[in-house]
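Enquirer: model the following, please.
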Amino acid sequence: MTDVAQDAQELGSSATLWELLERRAALTPDAPALLQAGASARHDRRLTFGALRTRAERTAAGLYRMGIGPGSRVAWQLPTRIETVVLTMALARLGAVQTPLIPYYRDREVRFALRESGARFFAVPGHWRGVDHTAMARRLAAELPEPPLVFEAYDTLPVADPKALRLPPPPTDGRAVRWIYWTSGTTSDPKGVLHTDRSLIAAGACLAHALRLGPDDVGSMAFPYAHVAGPDYTVMLLLYGFPAVLLEHFSLPESLPAYRRHGVTVAGGSTAFYSMFLAEQRKDPSRRLIPTLRLLAGGGAPKPPELYYEVVRELGCTLTHGYGMTEVPMITMGAPDDTDENLATTEGRPPREMEIRVVDGQVGLRGEAVCAGYLDDAETRKAFDADGFFLTGDLGHLTESGHLVLTGRAKDIIIRKGENISAKEIEQLLYQHPDVGDVAVIGLPDRDRGELVCAVVEQPAGAEALTLGRAVSYLRTAGLSVHKLPERLEVVDALPRNETLRKVLKYRLRERFAEHGAQAAWDGAQAAREEAQEKPRPGTTPER
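Expert: Numbers count the residues shown, from 1 in each chain. A predicted model of the protein is given here:
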């Protein structure tokens, strides 16, 4: 075992997030931890592990002087910035209960989270990206019986001398609930998810050990730090002692100069991020998009196998995809030394500490990285079985090598005339069509058949207009069973996505397309099948 790996293993035994920071700061105080990407190199900022620990304790003193202490409930809605990381570590030092909110959330989501969490303090960025968050926070706070104290924490944080204030000792119980995260919005009703320092450290350790990173790597956080992936990534930095570039707002090609000048070696976020990098690379295939990039890594959304091969072939790096959710931030992760077949078609393997049990096709989980439940006790009771396994709602199976293959969501099973149809199977085949940029397959209510299969497609620039007949013909050539063929095709400018890992919001598609057109869809499907049967496209293959 290398010194770095041994250090990481020892650090991973930390009981709390604050203890983990203290141990890393003592080990490599002068090593860079956070690299804030500015508009240019002149505007970049840098913070070492030692400085992160010092600033966090001074901020903890400032927060303590405001009345925040052990057990205080603090909501924060802040972008991906050095100050946000300092604030969250300061709250971890005090043993406060944090409820992070994605900065793109507006009245409905913020109101719900403040009310349900019982937050007594609320940190906001002031004016950010055209929105007055302070005004929104104060307006929503005034609606509550006990309004939280609203304060701004974008450029400056409250600070004080820790020795002068005699701060309470750091927390030692890593299994106390100190985090309330919110489900990501792929369903219409969010749930408050309860996490501990230990569950977040266990999840981050799974990610770190799977990716086999080291102090010479440079990571990147292009997603909102308020997402549960934020502490995942922070734990990885603390375990292995390498820095990450923080991007307050990610967009391409605007963010590329920061990746290049900091020599980012590890990037990613989710499937949508992979596709965005690919689209940029295709503008100039003769030049590597990010010369230092050796690994794309992420999760949070299904990955078509063909996308893996496109990334490896065109971006010239490895792609490792994983499986996680707000309730269990890291479940499995692909490793750089996995086979191409496993990296393309599975979600990787779980760490030793994660038990996976598949019953009736549904994936259940038990281990340290699993959340402590939900704010709503009734939801908690529904989510766990009698043996303490968390029921994910995902369908899948384990291979002989221990890799997990996901076949879809239980809610993504379309039941047509009593037959179960996997939306994911159709999506993966349609993704390979040259005129498909992205696709979501949904079931829509139908009086006679129960549900009909509807494919909603986002086309790339310059693509030939896709018709239902062409799509059906392609799927038939690819070998899809007749009873699974779509009966309806909708082409949209952009699939609706959330603002965190860019997951497709299928419930919005169902709401949009369920209201009308069932009979027309059926008639169109009949015509499309006839067209596909009578006029097969010569030479059509399921390859992209």
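
Enquirer: any weak-confidence spans in the stretch 151-300 of the chain?
Expert: Low-confidence segments of the stretch 151-300 of the chain, defined by pLDDT under 70: 184-189.

Enquirer: give the rounded mean pLDDT of stretch 426-440.
Expert: Here stretch 426-440 scores 93 as its mean pLDDT.

Enquirer: what are the buried residues along it?
Expert: Buried residues in stretch 426-440, counting neighbours by 16 or more other C-beta atoms under 10 Å, are found at 426-433, 435-440. (Glycine included, C-beta is placed from N, CA and C.)

Enquirer: what is the end-to-end distance of that stretch?
Expert: 9 Å (C-alpha to C-alpha, to the nearest Å).

Enquirer: name the surrounding residues that touch that stretch.
Expert: Stretch 426-440 has contacts (C-beta atoms under 8 Å, 6 or more residues apart in numbering) with 275, 302, 304-307, 423, 441, 453, 455-460, 463-466, 470-471, 474-475, 478, 480, 484, 486, 495, 504, 506, 509, 542-544.

Enquirer: ok, of the buried residues of stretch 426-440, which one's closest to Ala31?
Expert: The nearest member of the buried residues of stretch 426-440 to Ala31, counting by C-beta to C-beta, is Asp438 at 39.0 Å.

Enquirer: thought Phe493 was touching Val456?
Expert: Careful, residue 493 is Asp and not Phe. No - using C-beta atoms under 8 Å, Asp493 is not in contact with Val456; the gap is 11.3 Å.

Enquirer: which of the two has more residues huddled nearby?
Expert: Set Asp493 next to Val456 and count neighbours by other C-beta atoms under 10 Å: Val456 wins out with 24 against 6.

Enquirer: I'd like the next helix or strand past the helix or strand containing the more buried one.
Expert: Assigned by DSSP states H and E, Val456 belongs to strand 450-458. Counting by DSSP H and E, the element after strand 450-458 in chain order, helix or strand, is helix 468-477.

Enquirer: which helices and strands does that next one pack with?
Expert: In this structure, helix 468-477 makes packing contacts with helix 423-431, strand 488-492, helix 518-534, judged by 3 or more C-beta pairs under 8 Å, 6 or more residues apart in numbering; DSSP states H and E.

Enquirer: could I get the buried residue list for the strand holding Val456?
Expert: Glu451, Leu452, Val453, Cys454, Ala455, Val456, Val457, Glu458.

Enquirer: now stretch 279-289
Expert: For stretch 279-289, by 16+ other C-beta under 10 Å, it's Glu280, Gln281, Leu289.

Enquirer: redo these as a markdown table? Include secondary structure and distance to Gly130.
Expert: Shown next, in a markdown table, are the buried residues of stretch 279-289 (DSSP: H, G, I helix; E, B strand; the rest coil; distance: C-beta to C-beta, whole Å):
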| residue | secondary structure | distance to Gly130 |
| --- | --- | --- |
| Glu280 | helix | 25 |
| Gln281 | helix | 31 |
| Leu289 | coil | 29 |
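
Enquirer: of those residues, closest to Leu52?
Expert: Out of the buried residues of stretch 279-289, the member with the shortest distance to Leu52 (by C-beta to C-beta) is Leu289, at 30.0 Å.
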